[in-house]
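S.K.: need coordinates for the below:
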Amino acid sequence: MTAQNTSVRNPIDRLWLAATSDRLLVALLALLALTTVTGLLLPQKPASLAPSTTARWLAETASRYGGMGSLLQELGLFDLWRSPWLWGLLGSLAFVLLLRLANAANDSAGRLPQPDTSLAAAAARRWPLKTTLKIKGSLDPTLHELEDDLRNEGWRVAANVAGADAYLAAERNAWGILAAPLIYAGLVAGLAALWLWQVFGWQEAGLVLLPDRPVALQHAPGANLTLVDSESGPAALVIQAGAALSTTHAFSAGGAVQQGLLRVQRTGEGQALTVRAAALDGAPLQMRSLESQEPVESSLTLVFDQPRAEQTFLLPARQLAFSVVAFPSLPERGFSGPAYLVQALQVGRREPLLNEFVAGDADLTVGEDEIRLQGGQFVTVRASYNPGAPLLILGGLAIAAGLLLAVWRPTGRFFLHLHSQPDETQVTAS
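M.R.: All right, here's what the predicted structure looks like:
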C-alpha cells in the first residue's frame with residue numbers, strides 16, 4: 001500500500017466525485033433556501049382553489065405588484081410549491097444525497113470492523129489539517145510506541161509496513177461512524193415521503209360536520225365522516241371506509257383523529273340549528289336557504305361560524321322570509337347557553353310576524369304553520385391522506401439517531417505516514 005495520489009481518469013469517477021462534492025450540495029441547499037424564502041414572502045395559490053377561479057386569483061394577486069406582477073406570474077412565483085422548478089430541485093437534492101449515502105455506507109462498512117489504512121490514506125488527502133515532525137529512533141520502535149500510546153488512550157489502531165514506510169490509521173468511537181449514513185438515509189427518506197405526498201396524497205379542508213350527518217370524502221370514494229353528538233357536545237368521529245367497515249374515534253387533546261394514513265384535524269366549531277316546517281295537517285313545507293345551492297329542502301341546517309352571525313331562509317309557499325341570529329349566550333335574557341333570535345317577515349308587511357328569542361330546541365307557530373328548531377354544534381375539519389407518513393417518521397428517527405451519535409459519540413480519525421530516515425523517523429500526521 002502506498003500513499004501517493006493517483007489521478008482519476010475514468011469520466012464516471014469524475015462525474016461521481018463532482019456529484020458528491022460539498023460545493024454541489026451547498027449550491028442545491030442555497031437554491032432550496034432561496035426558493036423557500038421566496039414562497040414564504042410571496043402569496044401562493046391555495047391548493048383547494050377551483051380551476052375556474054385560478055386565473056382570476058392569479059390576476060388579482062399579480063395586480064398588487066404593479067408592473068412586476070406579470071413577470072412574477074410568468075416565472076411561476078405565485079405557485080412555487082407545485083412548480084417543476086421546486087420538484088426538480090428536490091429531485092436533484094435527493095439524487096445527490098443518495099450518492100452521498102452510498103459513499104457514507106461504503107466508508108462505514110470499511111471502517112466499522114477495524115480501521116482501514118487504505119481508506120484513511122485516501123480520505124486524508126482531503127483533510128485540511130496536516131503537520132510533519134521528526135522523531136529520534138528507527139521506524140519499527142517508533143511505530144510500536146505510537147500504537148501503544150493510542151490504544152492506551154482508547155483509540156482503535158491499524159498499521160501497515162511497506163519497506164521504509166509505515167502507515168497507521170486510528171479511529172475513536174466506532175458508533176459515531178454510523179452518524180453520517182443515518183443522517184443521509186433520514187434525509188433521503190424525508191424527500192421520498194414528500195414525493196409520495198405530492199403524487200398520491202390529498203387534502204380536503206373546510207369540511208363542515210353536523211351531528212349524525214355523513215359527509216363524503218371526494219378523494220376517497222365510498223368513505224365518509226360522521227360526527228357523533230352527546231349531551232356535552234361533539235364527542236367522537238365515525239370514519240366509514242366502506243359499506244360495512246366503520247370505526248369510531250375520540251378526538252385527541254390536539255383535536256386530531258388518526259386512522260391508518262388518514263388524519264382528520266379539527267379546525268373549528270360553532271353553533272348549528274336544524275329547522276323544519278310543517279303545515280297545520282302535519283305536511284312538511286319546503287324551505288330554501290339563501291346560502292345553499294339546493295332550490296328547496298324539507299330540512300335546513302344553519303351553520304353559524306362566528307358569534308352573532310345571521311342566516312336567512314325562505315318559506316316560498318307562504319311568502320315568508322326568516323332571519324336567525326346566533327348568540328353564544330344571553331345572560332341578560334336568561335340564556336346561559338346558546339340562544340337564537342328568530343324573526344319572520346312576510347312580503348308586503350313591515351312588522352315581523354315573529355320576533356322571539358329561543359334557546360335552540362323550540363316549536364314556534366307562525367300563522368297556521370309550525371316551525372321546529374333543534375339546536376346543536378358543528379365542527380369544521382381538515383382531512384388529509386399522507387402515504388409518505390411512515391417514511392417521514394422513519395426518516396426523522398434516523399436523523400435524530402444520527403445527530404445523537406454525532407454529539408454523544410463523535411468519531412475521531414487521523415492518519416500517520418511514517419518514513420524511515422537515518423537515525424530518525426519522519427512522521428506526517430493528517
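
S.K.: centroid-nearest residue for this structure?
M.R.: For the chain, the residue sitting closest to the mean C-alpha position, by CA atoms, centre = their mean, is Leu194 at 8.0 Å.

S.K.: for Leu187, see how far away that one is.
M.R.: Here Leu194 is placed at a distance of 11 Å from Leu187 (CB to CB, to the nearest Å). Just so you know, the C-beta spots here come from the backbone N, C-alpha and C atoms, and that holds for glycine as well.

S.K.: my read: Leu28 touches Gly91, true?
M.R.: No. Using CB atoms under 8 Å, Leu28 makes no contact with Gly91, being 10.4 Å away.

S.K.: hang on, Ser323 packs against Ala309?
M.R.: No. In this structure, Ser323 is not within contact of Ala309 by CB under 8 Å, at 11.3 Å.

S.K.: excluding its backbone neighbours, what's nearest Thr380?
M.R.: Gly268 (4.2 Å; CB to CB, 6 or more residues apart in numbering).

S.K.: please state the offset of the host helix or strand of the one you found from the chain centre?
M.R.: Here Gly268, judged by DSSP states H and E, is contained in strand 262-278. Taking CA atoms, centre = their mean, to the nearest Å, one finds strand 262-278 lying 27 Å from the centre of the chain it belongs to.

S.K.: what about Gly348, which SS state?
M.R.: coil (DSSP: H, G, I helix; E, B strand; the rest coil).

S.K.: and the pLDDT at it?
M.R.: In this model, Gly348 is scored at 77, pLDDT.

S.K.: ok, it to Ile371 distance?
M.R.: 20 Å.

S.K.: in the worst-scoring helix or strand of the chain on mean pLDDT, what counts as buried?
M.R.: Least confident element among the helices and strands of the chain, by mean pLDDT, DSSP states H and E: strand 233-240 (a mean of 76). Applying a neighbour-count criterion of 16 or more other CB atoms under 10 Å, one finds 234, 237-240 buried in strand 233-240.

S.K.: all strands of the stretch 251-400 of the chain, in order?
M.R.: Secondary structure of the stretch 251-400 of the chain (DSSP state E, counting those that start in this stretch): strands located at 256-259, 262-278, 288-289, 299-304, 310-315, 320-327, 339-346, 354-358, 362-366, 369-385.

S.K.: and Arg151, what is it in contact with?
M.R.: Each residue near Arg151 by CB atoms under 8 Å, 6 or more residues apart in numbering is listed here: Val157.

S.K.: wait, is it part of a strand?
M.R.: No. Using three-state DSSP, the assignment for Arg151 is helix, not a strand.

S.K.: how close does it sit to His419?
M.R.: When Arg151 is compared with His419 (using CB to CB), they lie 22 Å apart.

S.K.: quickly check the buried residues of strand 233-240 for the two that are furthest apart.
M.R.: Pro234 and Gln240 (17.1 Å; CB to CB).

S.K.: export the strand holding Gly268 to CSV, keeping only CA atoms.
M.R.: Extracted C-alpha coordinates of strand 262-278, given in CSV (Å, rounded to 0.1, in the frame of the first residue of the first chain):
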residue,chain,number,x,y,z
LEU,A,262,-55.9,9.2,7.1
ARG,A,263,-55.7,12.1,9.5
VAL,A,264,-58.7,14.3,10.4
GLN,A,265,-57.8,17.6,12.2
ARG,A,266,-60.5,19.6,13.9
THR,A,267,-60.1,23.3,12.8
GLY,A,268,-63.1,25.0,14.4
GLU,A,269,-66.5,24.6,15.9
GLY,A,270,-69.6,26.6,16.4
GLN,A,271,-73.4,26.7,16.7
ALA,A,272,-75.8,25.0,14.3
LEU,A,273,-79.6,25.0,14.1
THR,A,274,-81.7,22.5,12.3
VAL,A,275,-85.0,23.9,11.0
ARG,A,276,-88.2,22.0,9.9
ALA,A,277,-91.5,23.5,8.9
ALA,A,278,-94.9,21.8,8.8
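
S.K.: what residues of that strand count as buried?
M.R.: Using 16+ other CB under 10 Å as the test for burial, strand 262-278 gives 262-266, 269-277.

S.K.: check which helices and strands it sits against.
M.R.: Strand 262-278 makes packing contacts with strand 233-240, strand 256-259, strand 299-304, strand 310-315, strand 320-327, strand 369-385 when contacts are defined by 3 or more CB pairs under 8 Å, 6 or more residues apart in numbering; DSSP states H and E.

S.K.: before we move on, the earlier item: now do the least confident helix or strand of the chain: which elements does it pack against?
M.R.: Counting contacts by 3+ CB pairs under 8 Å, 6+ apart, strand 233-240 packs against strand 224-230, strand 246-250, strand 256-259, strand 262-278, strand 369-385.
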